[in-house]
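Asks: coords please:
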Amino acid sequence: MRFEDKNQTLVPPENYTFRNAASDGAYLKLTYGQSVYKKGALTVIGENIVTIYLNDQGREVGRCIGSVRYDFKEPKVLPASRKFRFKNGCLIIQHGIQELLKCLN
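Replies: Numbers count the residues shown, from 1 in each chain. Below you'll find the model as predicted:
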């Protein structure tokens, strides 16, 4: 994270998208973001964020530049156990027998 001390007219950062505007004490806080993609894919792996602080006269007082990295982990899928498959099969057979008895009545 980097903080730049400025006292000039607001200049929005290039290639960033406006995300949020909020009041922070006596300042107006503007947030801009830029998504970071994995090379050769459309997967978002992070975001560059620029936060700009404006005073009551609309002049840029400070600019905070940082980045956020998303840590996505692939879920580990375990195979069904024999006990689960046996129990599930028994329940399916039981349900089939119940349906068969309903039809016979």
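Asks: residue ranges of the helices in the chain, please?
Replies: Secondary structure of the chain, counting by DSSP state H: helices at 82-104.
Asks: where do the strands sit along it?
Replies: With strands called from DSSP state E, the chain shows them at 2-9, 17-24, 27-37, 44-54, 59-69.
Asks: TSV for those, including distance to Phe84 and mean neighbour count?
Replies: To be clear about C-beta, it is placed using only N, CA and C from the backbone, and glycine gets the same treatment. Rendered in TSV, the data for these read as follows (distance: least, Cβ to Cβ, whole Å; neighbours: other Cβ atoms under 10 Å):
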stretch	distance to Phe84	mean neighbour count
strand 2-9	53	10
strand 17-24	45	11
strand 27-37	39	16
strand 44-54	36	17
strand 59-69	37	14
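Asks: Lys102: which of those strands is closest?
Replies: strand 44-54 (51.9 Å; Cβ to Cβ).
Asks: how close does Lys83 get to Gly96?
Replies: 21 Å (Cβ to Cβ, to the nearest Å).
Asks: just Pro79 next, same as before
Replies: Pro79 sits 25 Å away from Gly96, going by Cβ to Cβ.
Asks: more crowded one of these two?
Replies: When Pro79 and Gly96 are compared for neighbours, Gly96 comes out ahead with 10 against 7, by other Cβ atoms under 10 Å.
Asks: mind listing what the more buried one touches?
Replies: Gly96 is in contact with no residue at all, counting by Cβ atoms under 8 Å, 6 or more residues apart in numbering.
Asks: which residues does Ile45 contact?
Replies: Taking Cβ under 8 Å, 6+ apart, we find Ile45 in contact with Val36, Tyr37, Lys38, Arg69, Tyr70, Phe72.
Asks: give me every residue that touches the fifth one.
Replies: Counting by Cβ under 8 Å, 6+ apart, Tyr70 makes contact with Val44, Ile45, Gly46, Glu47.
Asks: which two in the residues you listed are spaced the farthest apart?
Replies: Largest separation among those by Cβ to Cβ: Ile45 and Glu47, giving 9.0 Å.
Asks: distance of the spatially most central residue of the chain from Asn15?
Replies: Relative to the mean C-alpha position of the chain, the nearest C-alpha, by Cα atoms, centre = their mean, is the one of Tyr70, at 7.6 Å. Noted for Tyr70: a distance of 20 Å to Asn15, by Cβ to Cβ.
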